[in-house]
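Peer 1: how would this look folded up:
(chains A and B)
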Amino acid sequence: MGTSFGRGGATTFPADLQNSDVIVIEGSNMAECHPVAFRWIMKAREKGATLIHVDPRFTRTTAVSDIHVPIRAGTDIAFLGGIVKYIVDNDRYFKDYVVAYTNAPAIVSDEFQDTEDLDGLFSGWEAGQGKYSTKTWAYKGVDPEPASGVRESQAANEGVPIQRQPIQAKETDPTLQNPRCVFQILKRHYSRYTPEMVEETCGIPKALFLKVAETLCRNSGRERTGSFVYAVGWTQHTVGVQYIRTACIIQLLLGNIGRPGGGIMALRGHASIQGSTDIPTLYNLLPGYIPMPKAKHDKDLDTYLRLNQSPSGWWGEFPKYFVSLMKAWFGDKAQKDNDWCYDYLPTLTGDHSHMNTVVDMADGKLKGYFVMGENPVVGSMNGPLQRKGLRHLDWLVVRDFQLIETAEFWRDGPDIERGEIRPEEIGTEVFFFPAAAHTEKDGSFTNTQRLLQWHHKAVEPKGDNRSELDFVFKLGQRLKKLYENEYDQPRNWPIRDLTWDYPTHGTLQEPSAEAVLHEINGYTIAGRKPVEGFTWLKDDGTTACGCWIYSGSYRDGINQTARRKPYWEQNATALEWAWAWPSNRRVIYNRASADPQGKPWSGRKQLVWWDEARQKWTGDDVPDFIVDRPPWYRPSEDARGKDTISGADPFIMQSDGKGWLFAAAGLEDGPLPTHYEPEEGIVQNPLYGQQCNPSRMEWLRPDNPYHRPFNDPRFPYVATTYRLTEHHTAGGMSRWLSWLSELQPAMFCEVSPELAAECGLKNGGWATIRTMRAEIEARVLVTRRVRPLKIRGRIIHQIGLPYHWSSKGLVRGDAANDLIAFVGDPNVSIQESKAFTVSIEPGRYSRGRRTITSGPVVRTVPPGVEKRDLPAAQPKPEGAHGFKASETKEGNT
Amino acid sequence: MNKNIPASMDWPVLKQVRNRDVWGLGNSAASGRTETLAARTKTADRVVGSVCPYCAVGCAQLVYVKDERIIDIEGDPGSPISNGCLCPKGAATFQLVTGAHRLNRVLYRRPYGTEWEAIPLDRAMDMVAERVKKSRDENWEEKGKNNEPLHRTMSMAHLGGATLDNEENYLIKKLFTALGIVQIENQARI
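Peer 2: All right, here's what the predicted structure looks like:
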């Protein structure tokens, strides 16, 4: 979504879904995983909206839907691409919206070649590099800055506004007829995504597909709006980002972004998962989606700013946010003449994301590891490899409520049960710190709709229980002290100069969370007065701000996130309940709810509009626009930064102010979503010779083996993982609670009656499920909720696996994630766990569970002749394919 | 309760008949004791605003505290997100934060050890700080092969954040970045 619209957050909020006329839930079992938010969808249905659920399984969400579309896991782009084709071919797009607000009219470089021309590759594939050069994807006549061609992968979280270059189309064709315009390229790209092809690829009958496409079109346009809802059923694929991109394209074509009842609702699984990307505990970002410096390019401050400041659009403000961040971190020491302490920051030399870290750990390259509120041994892929990594550490710190599997890896796991490794042989030193609960500390969560909500401390934590705030603060104090006598060395200056003087309170002398929020909000250096918002920030060192997008959350010295005015005392947008970024805007890009002249497209769907009398934007939401910029404003030729945003451009974070049907920059694996099969599939790609996403990340190593790309006789079934209402992700917050455990007491697998008959599985009995990585056992649930699909005359069986259980807690079972390989999306390094192949047989494993770290689980057979890649994409860099290893020796970027 | 009715007539079935309450779902379900009952939330010393810690919907909670102990956690009816609702997980928050599963001692497993040992919090903090310093000092990368600036250590990593507060993530990112740690990750990548 970051690439399409400019920001990575959900464009709307769940309560707004009640204004939708049609809702498509795909890649999510919302009724089960987000039941309270699902109430708003039920409200929409009461008002007459149609609910469509696209999912391999019939779930609790399906049970209350109007239309269920069973789909083969991993084929969503084929399905959604088919809808794009339906919209374009039948002229069902919202023409005025598309021409004014999207890049449909932009003319693309003559050098661009589509997957239609190259059998599944775009132009710019660099054989040997294993990745694309994105130069040919640019708009015509727009030279990307010289650095952009060589600029290191941004392998960023999905939400990053990546485009930094002055990407504004020089030539456009508002009639959308020019064969090189985005609209025509899009039309050609999806020309073969016919209803028949959808049926053949996804297993969705043609009539059903047409019904969905027609329902969607009929409920969009000037008077009506529809929304898409997704969760990790979309993100956890080797083409996950492109899944979401396809929905973005549909929503832009139908004119559904920025309008009530429209938008794309991303449902996230943890209380503050949005917050942990905004203020990132992510390797590639600094707070507010500011990129970490890259060793190869960002040699000094000037270069770093030049490469990141966009000459057009809102990112022209970049230096203000960066300088204010450095002032917040390094205080008086950050001055103009020392480049605001720029060289205090560590730099990146590649992809340092989780899976790479684990692999390095398994290879003995890491000494220490902090794990706070996460249980990677159960929740991450290839559990055996995760445990192997932990065994090779010098020390490990785990902070949680109880001894989770990650804390006890040294005496818990298949390798230990089988006696292959003994605790006496594992040298890792482990510290377990009991964590304080949210009721025992002050702080804010950012929920799925970008809303920061404060929770107050209710009681003191018991015993040694402490918040992470307290732990990190006091660790920092100790380190400052430990380094006290070594401040002659420049490498220790960042520790010396780090501002770390938060006021403390209470018997435990805990740091004040409000003081931290004050710093995040930003303040003036003179007087330490909270700033009102990010427009107050300066690049001259007179302001400090810890996270510019959260600026305004402590406006007027009042904790805005703690506001709790009941909903019945305010309008439907509920602007006085907590605080949303940016600037308390609830539906982002809401300028698009009005036409180019500033009038609402329709009275039924009005949200913000231009108030001619007061000469400003106004409405039921905070306008996501420059509030006094009139609709008729057009930038002059020499305009820079935010002055380049015309009065009719709703997507202010984009360098050209447009919603991007075609991503001219910012993605690793293509400007348009293309159907690729999962790393491990059942069938050959029906559309292209290129089987899988050519840019996917692979880890080719003995402890991470892959199955054949398709038709692997050893693994004839598709598996997908999912969650249940009664448990929470890897179970750390649910498997220890009797109230929840008794509701879902055991690991199970869902299979169809047909598959049960084929394999001899009995309802309530046991089954063993295998991949080359591991084997697990589970109770069998035979149910019609999982239906076999017919693909090109062949019956495809799918198996559903919840992933909540493991070896500890009140209820136990094998961990489904042990089965899954490390393989990832090239844009965001998210792994593929929603589609992979397995074998299944009745009964339990005979003696002790086998995993790849103690030898092959399944007899290896000579690799098949089927290839995942076209010859052009086959040459691989040493040890990997299309993948930026975290090696530093060659500066392998 | 009608005081004039003899106790024998207070038998529930007779009450149902008398009140024409066939299913026993109306007033006849009440007894004298019922009238003396009140929700335990009524006796709370204070009510504290909170947010559900499970998924990202962000349902608002009210935490009821009496004698410095949590006695109940309910949905906050004023929330525009949840209107007072909680799902099964949210409704189990009380057990999550007050249950016997929670440990409140620091535990230490020494290298090649077979058991946990309890150690004081302060000592554990000192030990972790020393290990961070040692790992950092022994594995510092100042410059790369081509003289590019690195200023970092690849010897340590962090995982976790999606269950933590923004303020906590902020301090983690701030301190660890200043230490030169770059491998900082969380559940968003999962």
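Peer 1: let me know the distance separating A:Val69 from A:Thr62.
Peer 2: 9 Å (Cβ to Cβ, to the nearest Å). Any C-beta I mention is one placed from the backbone N, CA and C, and that applies to glycine too.
Peer 1: find residues that contact each of the two.
Peer 2: Shared contacts of A:Val69 and A:Thr62, defined by Cβ atoms under 8 Å, 6 or more residues apart in numbering or on different chains, are found at A:53, A:55.
Peer 1: can you give me the buried ones in the longest helix seen in chain B?
Peer 2: Longest helix in chain B, counting residues (DSSP state H): helix B:121-138. Across helix B:121-138, burial judged by 16 or more other Cβ atoms under 10 Å in any protein chain shown covers B:121, B:124-125, B:127-129, B:131-137.
Peer 1: need the residues you listed in CSV with distance to A:Leu789, can you?
Peer 2: Supplementary listing: the buried residues of helix B:121-138 in CSV, determined by distance: Cβ to Cβ, whole Å:
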residue, distance to A:Leu789
B:Leu121, 55
B:Ala124, 54
B:Met125, 55
B:Met127, 55
B:Val128, 52
B:Ala129, 56
B:Arg131, 53
B:Val132, 52
B:Lys133, 57
B:Lys134, 56
B:Ser135, 51
B:Arg136, 53
B:Asp137, 58
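Peer 1: check whether stretch B:32-52 contacts chain A.
Peer 2: Yes - counting by Cβ under 8 Å from any Cβ of the partner chain, chain A has neighbours in stretch B:32-52: B:48-52.
Peer 1: related to what we said a few turns ago, the longest helix of chain B near chain A anywhere?
Peer 2: Yes - Helix B:121-138 reaches chain A (Cβ under 8 Å from any Cβ) through B:121, B:124-133, B:135, B:138.
Peer 1: can you give me every residue that contacts the residue nearest to B:Asp67 when sequence neighbours are not counted?
Peer 2: Using Cβ to Cβ, 6 or more residues apart in numbering or on different chains and skipping the chain neighbours, the partner closest in space to B:Asp67 is B:Asp45 (7.0 Å). If you count contacts by Cβ under 8 Å, 6+ apart, B:Asp45 has them with B:65-67.
Peer 1: quick check: B:Asp45 vs chain A, distance?
Peer 2: B:Asp45 sits 11 Å away from chain A, taking Cβ to the nearest Cβ, to the nearest Å as the criterion.
Peer 1: tell me the phi and psi of that residue?
Peer 2: Backbone torsions for B:Asp45, taken as degrees, to the nearest 10, come to phi -70, psi -40.
Peer 1: hmm, back to that, make TSV out of the residues of helix B:121-138 next to chain A and add pLDDT and distance to A:Gly557.
Peer 2: Shown next, in TSV, are those (pLDDT from 0 to 100; distance: Cβ to Cβ, whole Å):
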residue	pLDDT	distance to A:Gly557
B:Leu121	98	34
B:Ala124	98	37
B:Met125	98	33
B:Asp126	98	37
B:Met127	98	39
B:Val128	98	35
B:Ala129	98	34
B:Glu130	98	39
B:Arg131	98	39
B:Val132	98	35
B:Lys133	98	37
B:Ser135	98	40
B:Glu138	98	45
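Peer 1: tell me the buried residues in stretch B:16-33?
Peer 2: In stretch B:16-33, counting by 16+ other Cβ under 10 Å, buried: B:16, B:28.
Peer 1: same question for stretch A:789-798.
Peer 2: For stretch A:789-798, burial by neighbour count (16+ other Cβ under 10 Å) applies to A:789, A:791, A:796-798.
Peer 1: repeat that for stretch A:513-529.
Peer 2: Buried residues in stretch A:513-529, counted by 16+ other Cβ under 10 Å: A:513-523, A:525.
Peer 1: out of these, which are close to chain B?
Peer 2: Near chain B, by the rule Cβ under 8 Å from any Cβ, you find A:513, A:516-517, A:519-520 out of the buried residues of stretch A:513-529.
Peer 1: picking that back up, filter the residues of stretch B:32-52 next to chain A down to the ones in strands?
Peer 2: Filtering those for membership in strands, criterion DSSP state E, returns B:48-51.
Peer 1: and which of the residues you listed is nearest to A:Glu569?
Peer 2: The closest of those to A:Glu569 turns out to be B:Gly49 (Cβ to Cβ; 15.7 Å).
Peer 1: for that closest one, list the residues it contacts.
Peer 2: B:Gly49 neighbours (Cβ under 8 Å, 6+ apart): A:454-456, A:562, A:564, B:60-63, B:76.
Peer 1: tell me where the stretch 201-350 of chain A has strands.
Peer 2: In the stretch 201-350 of chain A, the strands defined using DSSP state E, counting those that start in this stretch lie at A:226-230, A:264-266, A:285-286, A:290-291.
Peer 1: run through the stretch 701-850 of chain A and note the low-pLDDT ranges.
Peer 2: Applying pLDDT under 70 to the stretch 701-850 of chain A flags no residue at all.
Peer 1: could you list every residue that touches the residue of it found nearest chain B?
Peer 2: Across the stretch 701-850 of chain A, the shortest distance to chain B (Cβ to the nearest Cβ) belongs to A:Trp736, at 3.9 Å. Neighbouring residues of A:Trp736 by Cβ under 8 Å, 6+ apart: A:401-402, A:809-810, B:99, B:101.
Peer 1: likewise for A:Pro70?
Peer 2: A:55-58, A:203-204, A:787, A:789.
Peer 1: again, but for A:Glu569
Peer 2: A:Glu576.
Peer 1: now swap in A:Val212 and tell me
Peer 2: Residues counted as contacts of A:Val212 (Cβ under 8 Å, 6+ apart) are A:24, A:52, A:54, A:67, A:69, A:83.
Peer 1: which SS class is the first one?
Peer 2: Pointing back at A:Val24 there. Following DSSP: H, G, I helix; E, B strand; the rest coil, A:Val24 is assigned to strand.
Peer 1: quick check: bridge partners of it?
Peer 2: A:Ile52, A:Phe228 (DSSP bridges).
Peer 1: ok so, going back, next one: the longest helix of chain B to chain centre, how far?
Peer 2: Per Cα atoms, centre = their mean, to the nearest Å, the displacement of helix B:121-138 from the mean C-alpha position of its chain is 28 Å.
Peer 1: over to stretch B:66-77?
Peer 2: In terms of Cα atoms, centre = their mean, the centre of stretch B:66-77 is set 12 Å apart from its chain centre.
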